[in-house]
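In: Build the 3D model from these lines:
(chains A, B, C and D, ligands or ions: 4)
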Amino acid sequence: MTIKPSVGKAPHKDLGLSQDNLLEIYRLMRLSRALSERGWLLQRGGKTAFMVTGEGHEAVQVASVCAMERGRDTFLPYYRDIGVAVAAGMTAKDVLLHFLGRAADGSTGGRQIPGHYFDPQLKIVSGSSVVATQIPHASGIALADKLRGEKAVTVCYFGDGAASKGDFHEGLNFAGVHRLPVIFICENNGYAISVPGRKQAAVKNLSVRARGYGFPGVTVDGNDVLAVYRAVRQAAKRARAGGGPTFIEAKTYRLTPHTSNDDPTRYRTKEELEQWQRRDPIERFKRYLSEWELLDKATDERIGQELSQAVNEATRFAEASPLPEPESALRHVYLEE
Amino acid sequence: MTIKPSVGKAPHKDLGLSQDNLLEIYRLMRLSRALSERGWLLQRGGKTAFMVTGEGHEAVQVASVCAMERGRDTFLPYYRDIGVAVAAGMTAKDVLLHFLGRAADGSTGGRQIPGHYFDPQLKIVSGSSVVATQIPHASGIALADKLRGEKAVTVCYFGDGAASKGDFHEGLNFAGVHRLPVIFICENNGYAISVPGRKQAAVKNLSVRARGYGFPGVTVDGNDVLAVYRAVRQAAKRARAGGGPTFIEAKTYRLTPHTSNDDPTRYRTKEELEQWQRRDPIERFKRYLSEWELLDKATDERIGQELSQAVNEATRFAEASPLPEPESALRHVYLEE
Amino acid sequence: MAEINVLQAVHDALEEEMARDERVILLGEDIGVMGGVFHTTDGLLEKFGEARVIDTPLAEAAISGVAVGASMNGLRPVAEFQFADFLYSAVDQIISEAAKMRYRTNGVQGCPVVFRAPYGGGSHGGPYHSQNVEGLFLGVPGLKVVTPATPYDAKGLLKAAIRDEDPVIFLEHKKTYRLIKGEVPDGDYLVRIGEAEVKRPGKHLTVVTYGLMVHYCLEAAEIVAGEGIDVEVVDLRTIKPLDEETVLGSVKKTSKALIVYEDNLTGGAGAEVAALIGQHIFEDLDGPVTRLASPDIPSMPFATPMEEFAMLDTPKIVTAIRDLAAY
Amino acid sequence: MAEINVLQAVHDALEEEMARDERVILLGEDIGVMGGVFHTTDGLLEKFGEARVIDTPLAEAAISGVAVGASMNGLRPVAEFQFADFLYSAVDQIISEAAKMRYRTNGVQGCPVVFRAPYGGGSHGGPYHSQNVEGLFLGVPGLKVVTPATPYDAKGLLKAAIRDEDPVIFLEHKKTYRLIKGEVPDGDYLVRIGEAEVKRPGKHLTVVTYGLMVHYCLEAAEIVAGEGIDVEVVDLRTIKPLDEETVLGSVKKTSKALIVYEDNLTGGAGAEVAALIGQHIFEDLDGPVTRLASPDIPSMPFATPMEEFAMLDTPKIVTAIRDLAAY
Ligand SMILES: Cc1ncc(C[n+]2csc(CCOP(=O)(O)OP(=O)(O)O)c2C)c(N)n1
Ligand SMILES: Cc1ncc(C[n+]2csc(CCOP(=O)(O)OP(=O)(O)O)c2C)c(N)n1
Ligand SMILES: [Mg+2]
Ligand SMILES: [Mg+2]
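Out: Residues are numbered from 1 along each chain as shown, chains lettered A, B, ... in the order given. Ligands and ions are numbered 1, 2, ... in the order given. So this is what the prediction gives:
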């Protein structure tokens, strides 16, 4: 495929995005991907007992964070949100230490399984493995910001399965009643493990549910960086201006097994997977960048090299980093005086 | 006020309702009211430690049941649904035995506080005092009917407060996914104890939520017998034909304290109460019946006398009926062999 | 010094803490305009405004989950469950989230939420307004569970709970609200979480108890005192973490332990106390560690004869004391 | 007779009961096309169809609440929680509804639901895929709680649970699924709920345990047998209702009791067992009723050194046996 340069006004210009901005997004998406891929290698190589990653979800994860004010706004990722974590500022080392359950893992100190990102400095909130419990937390965080008159916005991520949980309903309803500055982003990849969307809900778009809570809901192409960015930026503007919550449903697809314990061939066809592989958000964004002549081959290769170097270095660093002490399992049940 | 007879085709004729049908509804509404009023008297007189009743909700409670096939269809009342209980077939004696916590109380044997109606013969399902837990039960009951190919429909009742609970969301979503023969009726009286609708949800009509579950939702005047009847009958028809669930929101008002522990003057104005007293569903239906010359004064008085006699007799009966044995508290934790 | 009841003590603790620390907010059903169904929050909406006294939707997972979130963003939420019986739908937020927050973040993220709930039987509340729920949380590391019996303890412990950096389940026995009056100092004071108190010293037998039963046990102790049985009554006050030192110290002295709790017998706090005593001071025991509790029924029935049969009372405690004393 | 593992035993019990009784249906996440994340329902969708093997939305309150409703309308639902760690949001439906149904209807309405859940630690699942949840239900009258350790017991008890007229929490230790193999008769058989079993007779000391720990305790017993300590291992199999007779009978004989459970120490099943022994056969005891359990931390940490530290194992049990035997 040869890429023809596009002409006219570029869509990203409408969004006020510079080449640097776009390349940052691209780089973060690729970092997310590179870390995910490393995660699988490590797990298969017996270096960690579990893996969950985000291949296919990079557009929604990274573009949504980049549409926010990092440092001011708060992010509640779920286990699939490695892209959120790195876009919000976690480094390759942070992620690798977490993947390998090292003592220096800043997310959990090796206590949680991989996929549980946390960094209070970066305003990344700790989550559990329990689906949807973070949704009321997001409302509570936004409530606190609102109470103090801070112009911060909270972004809460979850999957399509999570939208079936009571916590989803109660959390969104609370946000609606209090017009809280919060954005709910549903990464709808069509499956909750093996359960397809039609067994999860009898609606085409989960975003219709927002109406039942008195705030807008939109469905966007979750593999389209600019569509996600646009929707999130608009939601952030509304929220920051006191306009209340927005529910954004980003349709996407998981290109990998659910976790290292899963075999997706039991419930998804090869054809379906291939169809979505052709819509890979990174490839697609790269094409966009090329078409608008924002990314040449040399730059792309340089990015790739930098990233693989960073990931390799982080892997070495994490592998050399000590595991937690056995007895440290007893610590931090309560505040230590 | 003098009542002018109406002319033209009567609205109830469109619904296929005969004079007998209408008078049955009227009588049941008044029975519900009479029992409610007796309940307060008994509670204030120290004959029972608790009371919760349904004054103001009689139209939605009674008309909805009368739109169903009694004996075939299943009802899940909540604590306010004395009208559902009597319309489904509970007698004044049944209710009084329950109010007074007698051993012969068929609903609970004196185990639950008043307001917890149960009769398996009448297909009235046992409920707890926990708001909204009955909603998934309704879906489960309908699932069983559907599985067996029975053409039965399940009707589930709850308040506006209940629509905020996770169980509401999970129960309705399940029903939507499986297109179950179930009707969800929300008796929206504008308050959950003291909490007004605007603090409960940021929407005008809770019925919009049905769209999020893939089935129709309608809002009706809950004090209008025929409006309720029409909506429920249509929903029952759809359900019985395999068309799936309907959510019916019936706007109404509670004319009494929430329960015997409540003082509504703390949170509702006299004016608001008076406004709704003027919309009393029983008075309103009586006016309708008079206008269409279906109820004359003599009949009305006879109904009143019969009801008060029945309630008096039931009260005497229940008062004379023994309380449960102390040690019987230990029974029925598990099936007794 | 003023004599107030437990209701007032809870109210005053909330009011004082809200005045002292603007990070304290209240969340619950009917706690605003209405002042709570038991009136523990009377006047607080007027005083502190809608932003800090929040009448929530009827949604216990939201009440608790929003509180958890707010606590992670600098507030000190006090979440009220209208009745303890209705906190079951918040158990996921409490056990999966609040209790595990500090642990899963390797000590970095605290979750300073107080979960308040009126609990307990004997008020004709039937199965769903009478339950003892403390057994549910006893086995959940990361939580503290507080069960005061007196106005002094209720006020001092609630203030301590609000200032605690970790999540606290604060259980108020409904029946003590108006029934139990006592002196409370005028100024600010705290009662430390995790410390039991000997409410009555005695030589012959230790009764370990908490909540409403403290008062029944004290009554019972007076009755048997006339018979020459000198009972020591230990009020646990906090049932998690348990004050092993005070409990074991007392039983070491008296050599006999009766554990009295209103919860149903099996699996409640009494089992843990009995297990601790039986393991750690086996040699000091002069009689079996005995439990007196409600029967193993799902909850209090409504009708008075059954409720009275199921509920512990002073005569039942007196009998149990006599039996153990005679061992 | 065939040798199968626990996974297969669970699978076969489900399959046979579904074939035997068309009222039996399964509800859960990923139990259909996928056959369950542990494959306990492999092939059942194909065999019994979508109407009876229901892949539910991701909603544990619905899974349990729909099961409760269906059970009141003539079905025998088996509700699966993907991991026990995720049943907390179903606790309201289980405790408020299922457990109290029969009681609140004065015996008229049963609620024959089986709530299945894989539980337990030692499989690198971290805090949310390792929990022991049995302590939560131990104090809830109206429920039965079953915790099999072997394929024979798993199959026989699951079949009994499905035929039981009351709600049963059926806990399958994940680590036994593939690890534990054993003989199972060919035809239909049941193991009665509420009956413990002496898995190894012995004279000097009773170990009371259940679940995965049964196997570790049996191993430990063999090890100390070489030192002349003859251990009796009682497998509770059902922890609610507890088989007091078997437990007390064994300890009466051996005079010493060690209770081994994987749950964290405080508040678990071990507390109840200890309390029962300490109260009812006080005079027969020749040593303190001792508990060996996991430490009081909110759940298993992920990293191997911490997980191994937190998890019970055979050497730890051996040490505890030696200590008590030497008492
Ligand atoms: C409450 C709860 N139930 C079940 C699980 C097990 N589980 C983990 S992820 C998952 C599917 C989640 O699907 P979705 O929300 O669509 O997110 P995705 O993994 O597709 O990104 C399930 C069932 C869980 N973690 N929490
Ligand atoms: C889960 C739960 N939370 C709280 C309560 C206490 N409570 C009983 S009724 C009620 C209000 C219910 O309001 P609504 O659903 O609107 O019904 P209404 O009483 O107005 O008919 C509350 C908060 C309860 N019973 N269950
Ligand atoms: Mg998904
Ligand atoms: Mg209402």
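
In: Every contact and neighbour count from this point should use C-alpha atoms.
Out: OK.

In: State the number of residues packed around A:Y26.
Out: 26 (other CA atoms under 10 Å in any protein chain shown).

In: Go ahead and list the helix or strand containing it.
Out: Following DSSP states H and E, the helix or strand that holds A:Y26 is helix A:19-44.

In: Mean confidence (pLDDT) on that helix, please.
Out: The average pLDDT for helix A:19-44 rounds to 98.

In: Show me what the next helix-or-strand element following that helix is packed against.
Out: Toward the C-terminus, helix A:19-44 is succeeded by helix A:58-66 as the next helix or strand (DSSP H and E). Judged by 3 or more CA pairs under 8 Å, 6 or more residues apart in numbering or on different chains; DSSP states H and E, helix A:58-66 is in contact with helix A:19-44, helix A:82-87, helix A:225-240, helix A:281-291.

In: Would you point to the one among the ones you listed that's packed deepest?
Out: helix A:82-87 (a mean of 28; mean count of other CA atoms under 10 Å in any protein chain shown).

In: tell me the average confidence for that one?
Out: 98.

In: what does it contact?
Out: Residues from elsewhere that reach helix A:82-87 (CA atoms under 8 Å, 6 or more residues apart in numbering or on different chains): A:25, A:28-29, A:31-33, A:36, A:53-54, A:57-58, A:61-62, A:64-66, A:75, A:77, A:92, A:115, A:117, A:124.

In: Do the following helix or strand past it and chain C come into contact?
Out: Sequence order places helix A:92-99 as the next helix or strand after helix A:82-87, per DSSP H and E. No. With CA under 8 Å from any CA of the partner chain as the criterion, chain C is not reached by helix A:92-99; the gap is at least 11.6 Å.

In: Quick check: which helices or strands does the very next helix or strand once past helix A:92-99 pack against?
Out: Counting by DSSP H and E, the next helix or strand C-terminal to helix A:92-99 is helix A:134-147. Contacts defined by 3+ CA pairs under 8 Å, 6+ apart place helix A:134-147 against strand A:154-159, helix A:166-177, strand A:182-188, helix C:60-72.

In: got these as CSV, with distance to chain B, mean neighbour count and mean pLDDT columns?
Out: Output for the helices and strands packed on helix A:134-147, formatted as CSV (distance: least, CA to the nearest CA, whole Å; neighbours: other CA atoms under 10 Å in any protein chain shown; pLDDT from 0 to 100):
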stretch, distance to chain B, mean neighbour count, mean pLDDT
strand A:154-159, 16, 26, 99
helix A:166-177, 3, 29, 98
strand A:182-188, 14, 28, 99
helix C:60-72, 8, 31, 98
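
In: Relative to ligand 2, which of those is closest?
Out: helix C:60-72 (6.6 Å; CA to the nearest ligand atom).

In: related to what we said a few turns ago, angle of the helix holding A:Y26 against helix A:58-66?
Out: Counting by axes from the mean of the first three to the mean of the last three CA atoms, to 10 degrees, helix A:19-44 lies at 130 degrees to helix A:58-66.

In: gap between helix A:19-44 and the chain center?
Out: 12 Å (CA atoms, centre = their mean, to the nearest Å).

In: still on that earlier bit, I'd like the helices and strands packed on helix A:58-66 as CSV, with distance to D:E283 appended.
Out: Supplementary listing: the helices and strands packed on helix A:58-66 in CSV, determined by distance: least, CA to CA, whole Å:
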stretch, distance to D:E283
helix A:19-44, 55
helix A:82-87, 61
helix A:225-240, 70
helix A:281-291, 73
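
In: Quick one, which of these gets closest to ligand 2.
Out: Taking CA to the nearest ligand atom, helix A:225-240 is the member of the helices and strands packed on helix A:58-66 nearest to ligand 2, at 29.2 Å.

In: Against which helices or strands is the closest one packed?
Out: helix A:58-66, strand A:182-188, strand A:217-221, strand A:246-251.

In: Out of those, flag the one nearest A:L335.
Out: Shortest separation from A:L335 across these is recorded for strand A:182-188, at 29.6 Å, computed as CA to CA.

In: relative to helix A:225-240, how tilted is the closest one?
Out: 150 degrees.

In: how about strand A:182-188 against chain D, any contact?
Out: No. Strand A:182-188 lies out of reach of chain D by CA under 8 Å from any CA, never closer than 13.5 Å.

In: How about C:G69, nearest residue that isn't a chain neighbour?
Out: Nearest residue to C:G69, sequence neighbours excluded (CA to CA, 6 or more residues apart in numbering or on different chains): A:H137, at 3.7 Å.

In: Then C:A225?
Out: For C:A225, the spatially nearest residue (CA to CA, 6+ apart) is C:V231, at 7.3 Å.

In: Next up, the contacts around the residue in the stretch 151-300 of chain C that ligand 4 sits nearest to.
Out: Going by CA to the ion, ligand 4 is nearest to C:K174 of the stretch 151-300 of chain C, at 24.6 Å. Applying CA under 8 Å, 6+ apart to C:K174 gives the contacts C:P118, C:Y119, C:G120, C:G121, C:S123.

In: Report the buried members of the residues you listed.
Out: Buried by 16 or more other CA atoms under 10 Å in any protein chain shown: C:P118, C:Y119, C:G120, C:G121, out of the contacts of C:K174.

In: From what I see, the second one and C:A84 are in contact.
Out: Yes. Using CA atoms under 8 Å, C:Y119 and C:A84 qualify as a contacting pair, with a distance of 5.1 Å.

In: anything in contact with each of these two?
Out: Common neighbours of C:Y119 and C:A84 (CA under 8 Å, 6+ apart) are C:H129, C:Q131, C:N132, C:V133, C:L171.

In: With distance to ligand 1 added, can I get the helices and strands packed on helix A:134-147 in TSV?
Out: Formatted as TSV, the helices and strands packed on helix A:134-147 follow (distance: least, CA to the nearest ligand atom, whole Å):
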stretch	distance to ligand 1
strand A:154-159	3
helix A:166-177	9
strand A:182-188	6
helix C:60-72	13
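
In: Now residue 127, what are its backbone angles?
Out: Unless you meant another one, I'm taking chain A. phi -120, psi 160 (degrees, to the nearest 10).

In: what's the burial count for A:H12?
Out: A:H12 has 18 nearby residues by other CA under 10 Å.

In: ok but it is inside a helix, no?
Out: Yes. Assignment of A:H12 by DSSP: H, G, I helix; E, B strand; the rest coil places it within a helix.

In: For it, which non-adjacent residue is closest in space?
Out: In space, A:H12 comes closest to A:L226 once its chain neighbours are excluded; the distance is 6.8 Å by CA to CA, 6+ apart.

In: Contacts only, for the one you found.
Out: For A:L226, the contact set (CA under 8 Å, 6+ apart) comprises A:P11, A:H12, A:A63.

In: ok, the last one to chain D distance?
Out: Applying CA to the nearest CA, to the nearest Å, one obtains 27 Å for the distance of A:A63 from chain D.

In: Check what pLDDT that residue gets.
Out: 98.

In: how far is stretch C:275-294 from where the chain is centred?
Out: 22 Å.

In: tell me the mean pLDDT over that stretch?
Out: Mean pLDDT, stretch C:275-294: 98.

In: Report the buried residues of that stretch.
Out: C:275-279, C:282, C:284-294.

In: and if you look at stretch A:131-148?
Out: A:131-146.

In: By proximity to chain C, which residue of the stretch 151-300 of chain A wins?
Out: Using CA to the nearest CA, the single residue of the stretch 151-300 of chain A nearest to chain C is A:E170, 5.3 Å away.

In: can the helix or strand where A:K199 lies be found next to chain B?
Out: A:K199 belongs to helix A:197-200 when assigned by DSSP H and E. Yes. Judged by CA under 8 Å from any CA, helix A:197-200 and chain B are in contact via A:R198, A:K199, A:Q200.

In: And the first one, how close does it get to B:N223?
Out: Translated: A:R198. Relative to B:N223, A:R198 is positioned 37 Å away (CA to CA, to the nearest Å).

In: who has more neighbours, these two?
Out: Neighbours were counted for A:R198 and for B:N223 using other CA under 10 Å; B:N223 has more, 27 against 14.
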